[in-house]
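Enquirer: Pasting a predicted model and its sequence here:
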Amino acid sequence: MATVEAGGGGGGNPEELAVGCMLSIRTTLGDEFEGQVVTFDRSSNILVLQEAPSKAGPGPGPRRNIRLLKANYIKDFTFLGHADDPLDPNNCFLDLAALQAREELAIRQAEADAERIGVGVTSEAQSIFDALSKTLPVRWDKTVIVVMNEVRVSSPYNPDSVVGGTPAANERVKKVLDFERKRLQLRSSSGQ
């Protein structure tokens, strides 16, 4: 049992709410929703509610929203009944394959993001890399920007420091690099 003191128009009367109680809640901010009491943290005055499950999301199993609500934001509520314990492990569904796939995707994305950060380069060099990456495939090779796996741009990262690749690729990188350097200079001179 948890004693929850509703704020606002709730009259301030404490109500005994057990884990599993289904409630229809109206907040002082005008939100209305139905949820099941998961727990109440007396020290922070926060009520944890699980909203009704939906099948809106992809994949098997129901998706659930968890709301953390300061009890003093409850304007009023209606007791709808009592349901099973929302934390009962026999009623919980975890799609381990989907969780592992999400983890692997997140790790690959983090590794790809890390590869896009130059080590030992200036913030200007990183800005040039980021700008080039919007229109051309780029990667770092230590402090050298490699564009289209053939053109190399070394410090000070201006058109004169472009080498390698076919003449057409080399000219394209020089043109994009020159444009991006001018754009970065305009941005820095305007104080952004």
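Expert: Received it, and whenever you're ready, just let me know what you need.

Enquirer: Do you have the helices of this protein handy? List them.
Expert: Using DSSP state H, the helices of the chain run over 96-115, 123-133, 167-189.

Enquirer: Buried deepest among the ones you listed, which one?
Expert: helix 123-133 (a mean of 17; mean count of other C-beta atoms under 10 Å). Placement of C-beta: from N, CA and C, glycine included.

Enquirer: From the contact counts, what lies against that helix?
Expert: Applying 3 or more C-beta pairs under 8 Å, 6 or more residues apart in numbering; DSSP states H and E, one finds that helix 123-133 contacts strand 138-141, strand 144-147, helix 167-189.

Enquirer: hmm, 10 Å instead?
Expert: On a contact count with 3 or more C-beta pairs under 10 Å, 6 or more residues apart in numbering; DSSP states H and E, helix 123-133 meets strand 138-141, strand 144-147, strand 151-153, helix 167-189.

Enquirer: Relative to Ser123, which of those is closest?
Expert: helix 167-189 (10.3 Å; C-beta to C-beta).

Enquirer: Look at the residue most central in space within the chain and report its pLDDT.
Expert: With distances taken as C-alpha atoms, centre = their mean, Ala106 lies nearest the centre of the chain, 11.0 Å away. On pLDDT, Ala106 comes in at 95.

Enquirer: Pretty sure Pro156 sits against Thr143.
Expert: No: assessed by C-beta atoms under 10 Å, Pro156 is found out of contact with Thr143, at 11.0 Å.

Enquirer: so what's in contact with these two at the same time?
Expert: 122, 125 (C-beta atoms under 10 Å, 6 or more residues apart in numbering).

Enquirer: low-confidence ranges in this protein?
Expert: Within the chain, the segments meeting pLDDT under 70 span 1-17, 53-63, 92, 191-192.

Enquirer: please redo it, this time with the cut-off set to 50
Expert: In the predicted model, the chain carries pLDDT under 50 at residues 1-3, 5-15, 55-56.

Enquirer: contacting residues for the residue of it most remote from its centre?
Expert: Here the chain reaches farthest from its C-alpha mean at Pro167, the gap being 41.9 Å by C-alpha atoms, centre = their mean. For Pro167, the contact set (C-beta under 10 Å, 6+ apart) is empty.
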